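Asker: Sharing a model prediction with you, sequence too.
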Amino acid sequence: MPPAPPPKRIQAGYAREAKAKLLRKPNYTPPSAKPLVPKKNRTAPPPPTKLPPAAAPEATQTAPDIASLPYYIQRVRPSGQLPVYHDVKAGKTLRQTRIRKVFGDARALRDELKAFLGIEKDKDCAVSAVTGHIVLKGHWRNEVDRFLVAKGF
């Protein structure tokens, strides 16, 4: 078994001593005090080449109409991420995916998710009666994110 590291206060003392030792050297000048002298053989990098503009997306592609769906999922405020989370419970043996901030008909979203993910059992994809969260058995975050983005959320 390796020896335990010294306490933080001792480590900080080592750092102060090392810095003081560097400052005591007669030929040492801190990096901020060194003059910036360009090297003689150094050339400037070539300017970036201009690429042709990317083609504009076709007008035929339209975002799905969120208003026609019976449910709505609100994004998380400061970051703008979708409210889809991984949970690990019961000694890291129970893995769940939780979808929060579902407004409207959460059961309709549950049914669409079950069809998209290929989940057959009702207990593997359930709506919490208390919180209104949709709880999926297993880690499905990437797939659920893709599904919700395809729906327009």
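Answerer: Structure's in. What do you need? Residues are numbered from 1 along each chain as shown.
Asker: Poorly predicted segments of this protein, please.
Answerer: Along the chain, segments meeting pLDDT under 70 span 1-2, 5-16, 18-64.
Asker: Strands of that one, start to end?
Answerer: Ranges of strands within the chain are 71-73, 84-89, 94-99, 102-104, 125-127, 134-137, based on DSSP state E.
Asker: Which neighbours in the sheet does the first one have, and how are they oriented?
Answerer: Just to be clear, that refers to strand 71-73. Strand pairing for strand 71-73, using DSSP bridges, gives strand 102-104 (antiparallel).
Asker: Check the last one too.
Answerer: Counting by DSSP bridges, the strands paired with strand 134-137 are strand 94-99 (antiparallel), strand 125-127 (antiparallel).
Asker: Now for Phe147: which residues touch it?
Answerer: The contact partners of Phe147, by CB atoms under 8 Å, 6 or more residues apart in numbering, come to 112-113, 116-117. Any C-beta I mention is one placed from the backbone N, CA and C, and that applies to glycine too.
Asker: Could you identify which of the residues you listed has the most neighbours?
Answerer: When neighbours are counted by other CB atoms under 10 Å, Leu113 leads those with 20 neighbours.
Asker: Quick check, that residue in contact with Arg146.
Answerer: No. Taking CB atoms under 8 Å as the definition, Leu113 is not a contact partner of Arg146, at 11.4 Å.
Asker: residue boundaries of the helices in this structure?
Answerer: Ranges of helices in the chain, per DSSP state H, are 8-24, 106-117, 141-151.
Asker: Gln74 versus Val135, what's the distance?
Answerer: Applying CB to CB, to the nearest Å, the value for Val135 to Gln74 is 18 Å.
Asker: ok, back up a step: right, so of the strands paired with strand 134-137, which gets closest to Arg141?
Answerer: Of all the strands paired with strand 134-137, strand 94-99 sits nearest to Arg141, with 5.5 Å by CB to CB.
Asker: in that closest one, what counts as buried?
Answerer: Using 16 or more other CB atoms under 10 Å as the test for burial, strand 94-99 gives 96-99.
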